[in-house]
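Colleague: starting from these lines, generate the structure:
(chains A and B)
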Amino acid sequence: MTAFANRRLRVLLAKLGMDTHTIGVTVIAHALRDAGFEVIFTGLKQTAEMVANTAVQEDVDVIGVSSLSAAHMKHLPKLAEFLRQKGAGDKLLIAGGVVPLEDIAQLERAGVQKIFTMGTETKVIVDYLQTWWAAKLAAEQSGG
Amino acid sequence: MTIPHLKAQSEKRTAPATPSATTPLAQAFKEWQQNTQSPEVTKRGERQTPFKTQALHWPVHPLYTPLDLAATGFDYQRDVGFPGEYPYTRSVSPNGNRSALWTMAQVTGFGRGADWAKRARFMLDQGLQGLILEHDLATTNGYDSDDPLAEGEVGRAGLAIDSLEDLERAFDLPFDRLKYLMSVCNAPQPVNLAMIIAALEAKGVDPKQFVLHIVNGILIEYTCVGRYIYPPKHGLRIATDCFEYMIEHHPNWAPISIISAQLYAARANPVQELAFSLSIALQHIDALLERGHSIDKVAPYFHFVTGIDMDFFEGICKLRAFRKIWARLMRERYGATRPEAMKVRVMSSPGTMSLTLQQPLNNISRLAIMATACALGGVGETMTTPLHDEAHALPADEAIRVGAAIQHIVAHETGVADTIDPLAGSYYVETLTRQIEDAVMTEIDKIMDMGGALAAIERGYFQRELAREQCDRNRALEDGSRKLVGVNHLVHAEERREIPIFKLADEVEAEQIERLQALRKRRDQKTVDAALEAVREAARSGTNLVPPCLVAVKAHATHGEICNAMRDVFGTHHPDAQTAGV
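Modeller: Model prediction:
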């Protein structure tokens, strides 16, 4: 095992704009911590730029946005763009919450790599992140 | 069950049902268990081990008898009494719903002022007499529509209000048919209140002809949902200012509502919901008493909105216990003497927690069951029904019609409202009502030991308790120990029923911003600046914030600008993850 393999996955959970519903993000935060990940929460009423700055400062691996308002189509593409601008385009950007199926393709094109719709079980998200993390660690190791 | 001391209490209270007593009934009960029930259980087993209540996870016995009541020391006159008399367990109204049914209301609010007025008129045409005005998230959180944070939210979750002109457009309503208007906007309360007063004045509406109800129980927002602006102690001061202004200038209006349904929707169990919301009410009361008001003057104004979800009996017993606990707190804790101070005012609402995205028509049956539970529990003054398509999107017209119909069906077709408190005397209902009462009193004592609701909020106690309930409920749904039809039970993967979804046109936001910016150009900026400085000065000096806000809205200072003037003095609230419970 290398130093990389011992590193815990760092996840920034974020709420963008005026969406103040926190049950989803709370449940996810606790499930991810139970899975052994390190979880940081931005708090409420964040702009896309604020979240991108926090992601860089905290050097997280994953940014997870909880969205329960209709503003996801405004904020999420902006967040992806800010992350690229700040040289953090390699971080995993995922989202979950109330996202209509018809919006998903457009968000994926904008750089949101995975969207978990309402009713997704927490273990599905944990499995997804563990798989992604294992692949990333393997790539870091083989890439030197 | 997640509160250890409550668990202990519930076990202690429910245990005596297996009697060691030697009365003839106790003997007969024992014989029934041994000779009649037990062989059946041995032969066929039981569906669940153990049976537990839906929300509190308290043990549920196979049978409740007079022995259970005897074990709680049940005394009809002390514990239940008569309608309209202390302790009001049966009803605060002397004749229940026999003289008049509850007021039937529904939430509405979206788009621009004119959109809202059109929708509100449609709802009044459906037989509703009361309306609940929801602002959009930008307004509720104290921002103008052109703030970067507001992008994508303008007019979406409710009505967008930037200036007095917006509200004047929304108030294009038949006020002669409107008995009741509730405004849910909370954190920017002095601005909201000032806007409403000024808009009514501009429309020539007599403020005495209907009841304006503002939410104003701001401390709830710091425990869940998070529509706060300023640090909690300043939030409390602002709420107290608005309360004082209203009882002085508009004594027929309703200056506070503690939306305990919000706690409920955030997964509080019935004991937490009552204990947290009541201790928050006590904090608001203490703030008013500190300003020299008497309990008999302020207590009658307190109002609660509670939710009844699918935990049928716990919901009914919660409403019954609610009335009794309030009466006890007002009399025992504060020495209230006026009956009005001891009669709790409640609006009840079927909950949204069990409404599912999947198989949305099932939600109509859930709402009917929950509305029936509200009626059986005594409703309160008003009932509001959420809509079966809420989980999908903002409600469509058909859902509004069905939502209104549900209340009429319960009221007119079932007869449940025709006798007062019809479940009183049920061995189970009386036992559970008493258990809930005892557990709530214990939890309130615990909160008081922390220094009260404000201190409990500042240290994150409520928030962490709720977070744990949220995680527990989610786990129970994921592991199947709690069944929800369409979600983890009777799931039909192939069935996908489309229901009409309300869409708001994109130009709403652009138009709203355009109108706001045009207003800023044409108004007298000097007057606005002076008015905003007066708001800052009141915030600093501690004089009532409503009068300077009234001057500011009339000068067409915008909603966000006035909220910002108070931000300059009070700062903003941004709790860390530990305090937020996340």
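Colleague: who in chain B is up against chain A?
Modeller: Proximity of chain B to chain A (Cβ under 8 Å from any Cβ of the partner chain) is limited to residues B:137-138, B:140-141, B:143, B:148-153, B:156-157, B:224-227, B:266-267, B:357-358, B:391, B:467, B:470-471, B:474, B:478, B:487, B:574-577, B:580-582. C-betas here are computed from N, CA, C, even on glycine.
Colleague: mind giving me the ChimeraX command for buried ones among these?
Modeller: Buried members of the residues of chain B next to chain A, defined by 16 or more other Cβ atoms under 10 Å in any protein chain shown, are picked up in ChimeraX with:
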select /B:137,138,140,141,143,149,150,151,152,153,156,157,224,225,226,227,266,267,357,358,391,467,470,471,474,478,487,575,577,580,581,582
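Colleague: narrow the residues of chain B next to chain A to those in helices?
Modeller: Here DSSP state H is the test, and these give B:137, B:138, B:140, B:467, B:470, B:471, B:474, B:478, B:577, B:580 as lying in helices.
Colleague: so which of the residues you listed sits lowest on pLDDT?
Modeller: Confidence by pLDDT is poorest for residue B:577 among these, given 84.
Colleague: ok, it - contacts?
Modeller: A:29, A:40, A:41, A:43 (Cβ atoms under 8 Å, 6 or more residues apart in numbering or on different chains).
Colleague: farthest pair in the ones in helices among the residues of chain B next to chain A?
Modeller: Largest separation among those by Cβ to Cβ: B:138 and B:478, giving 34.3 Å.
Colleague: next, residue B:99: phi, psi?
Modeller: The phi and psi torsions at residue B:99 (degrees, to the nearest 10) take the values phi -80, psi -40.
Colleague: helix, strand or coil for the closest residue to it other than its chain neighbours?
Modeller: Closest residue in space to residue B:99, ignoring its immediate chain neighbours: residue B:93 at 7.5 Å, by Cβ to Cβ, 6 or more residues apart in numbering or on different chains. Per DSSP: H, G, I helix; E, B strand; the rest coil, the secondary structure class of residue B:93 is coil.
Colleague: cool, and the one 5 residues further on?
Modeller: On the three-state scheme (three-state DSSP), residue B:98 is labelled coil.
Colleague: quick check: it vs residue B:412, distance?
Modeller: According to Cβ to Cβ, to the nearest Å, residue B:98 and residue B:412 sit 14 Å apart.
Colleague: neighbour count for those two, which is higher?
Modeller: More crowded of residue B:98 and residue B:412, by other Cβ atoms under 10 Å in any protein chain shown: residue B:98, with 14 against 10.
Colleague: settle this for me: the more buried one is touching residue B:422, isn't it.
Modeller: No - if you go by Cβ atoms under 8 Å, residue B:98 and residue B:422 don't touch, sitting 11.8 Å apart.
Colleague: number of nearby residues for residue A:36?
Modeller: So residue A:36, with other Cβ under 10 Å, has 10 neighbours.
Colleague: burial count for the spatially closest residue to it that is not a sequence neighbour?
Modeller: Once flanking residues are discounted, residue A:36 sits nearest to residue A:8: 6.4 Å by Cβ to Cβ, 6+ apart. Residue A:8 has 11 neighbours, counted by other Cβ under 10 Å.
Colleague: so residue A:8 sits in a strand?
Modeller: No - when classified by three-state DSSP, residue A:8 is found to be coil rather than part of a strand.
Colleague: coming back round to it: distance check, the residue nearest to residue B:99 against chain A.
Modeller: Residue B:93 sits 35 Å away from chain A, going by Cβ to the nearest Cβ, to the nearest Å.
Colleague: what sits against residue B:131?
Modeller: B:105, B:106, B:108, B:120, B:123, B:124, B:178, B:180, B:181, B:182.
Colleague: per-residue confidence for the residue of chain A found nearest chain B?
Modeller: Per Cβ to the nearest Cβ, the residue of chain A with the smallest distance to chain B is residue A:71, at 3.0 Å. Note for residue A:71: predicted pLDDT of 82.
Colleague: residues touching the residue lying closest to it once chain neighbours are set aside, list them.
Modeller: The shortest distance from residue A:71 to any non-neighbouring residue, by Cβ to Cβ, 6+ apart, is to residue B:152 (3.0 Å). For residue B:152, the contact set (Cβ under 8 Å, 6+ apart) comprises A:17, A:69, A:70, A:71, A:72, A:73, A:74, A:75, B:509.
Colleague: likewise for residue B:272?
Modeller: Contacts of residue B:272 (Cβ under 8 Å, 6+ apart): B:3, B:263, B:443, B:465, B:466, B:469.
Colleague: mind putting these into TSV with distance to residue B:550?
Modeller: Output for those, formatted as TSV (distance: Cβ to Cβ, whole Å):
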residue	distance to residue B:550
B:3	44
B:263	32
B:443	40
B:465	39
B:466	36
B:469	41
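Colleague: quick check: the farthest pair among these?
Modeller: B:3 and B:263 (14.4 Å).
Colleague: more neighbours, the two?
Modeller: Taking neighbours as other Cβ under 10 Å, residue B:3 and residue B:263 compare with residue B:263 leading, 28 against 21.
Colleague: what does chain A put close to chain B?
Modeller: A:13, A:17-23, A:25-27, A:29-31, A:40-41, A:43-45, A:47, A:69-75, A:118-119, A:121-123.
Colleague: out of those residues, which are buried?
Modeller: Looks like the residues of chain A next to chain B have A:13, A:17-23, A:25-27, A:29-31, A:40-41, A:43-45, A:47, A:69-75, A:122 buried, using 16+ other Cβ under 10 Å.
Colleague: now residue B:377. Nearest residue, chain neighbours left out?
Modeller: residue B:319 (3.2 Å).
Colleague: which secondary structure elements does the helix or strand that that neighbour is a member of sit against?
Modeller: Using DSSP states H and E, residue B:319 maps to helix B:312-328. Where contact means 3 or more Cβ pairs under 8 Å, 6 or more residues apart in numbering or on different chains; DSSP states H and E, helix B:312-328 is packed against helix B:270-290, strand B:303-308, strand B:345-350, helix B:362-377, helix B:427-449.
Colleague: redo that, cut-off 6 Å
Modeller: helix B:362-377, helix B:427-449 (3 or more Cβ pairs under 6 Å, 6 or more residues apart in numbering or on different chains; DSSP states H and E).
Colleague: OK, contacts around residue 22?
Modeller: Defaulting to chain A. For residue A:22, no contacting residues are found, by Cβ atoms under 6 Å, 6 or more residues apart in numbering or on different chains.
Colleague: oops, chain B please
Modeller: Contacts of residue B:22 (Cβ under 6 Å, 6+ apart): none.
Colleague: hmm, 10 Å instead?
Modeller: By Cβ atoms under 10 Å, 6 or more residues apart in numbering or on different chains, the residues touching residue B:22 are residue B:30.
Colleague: what ranges do the strands span in the chain?
Modeller: No chain was given, so I picked chain A. A:10-15, A:38-41, A:62-67, A:92-97, A:114-117 (DSSP state E).
Colleague: that's the wrong chain, I meant chain B
Modeller: Applying DSSP E to chain B gives strands spanning B:103-108, B:130-133, B:180-183, B:211-214, B:303-308, B:345-350, B:382-384.
Colleague: and of those, who's closest to residue B:56?
Modeller: Among those, strand B:303-308 sits nearest to residue B:56 (Cβ to Cβ), with 14.3 Å.
Colleague: number of residues surrounding the closest residue to residue B:263 other than its chain neighbours?
Modeller: Once flanking residues are discounted, residue B:263 sits nearest to residue B:273: 4.8 Å by Cβ to Cβ, 6+ apart. Using other Cβ under 10 Å, residue B:273 has 26 other residues around it.
Colleague: what sits against residue B:273?
Modeller: B:55, B:260-267, B:304, B:306-307, B:318, B:322, B:440, B:466.
Colleague: repeat that for 6 Å
Modeller: B:260, B:263, B:264.
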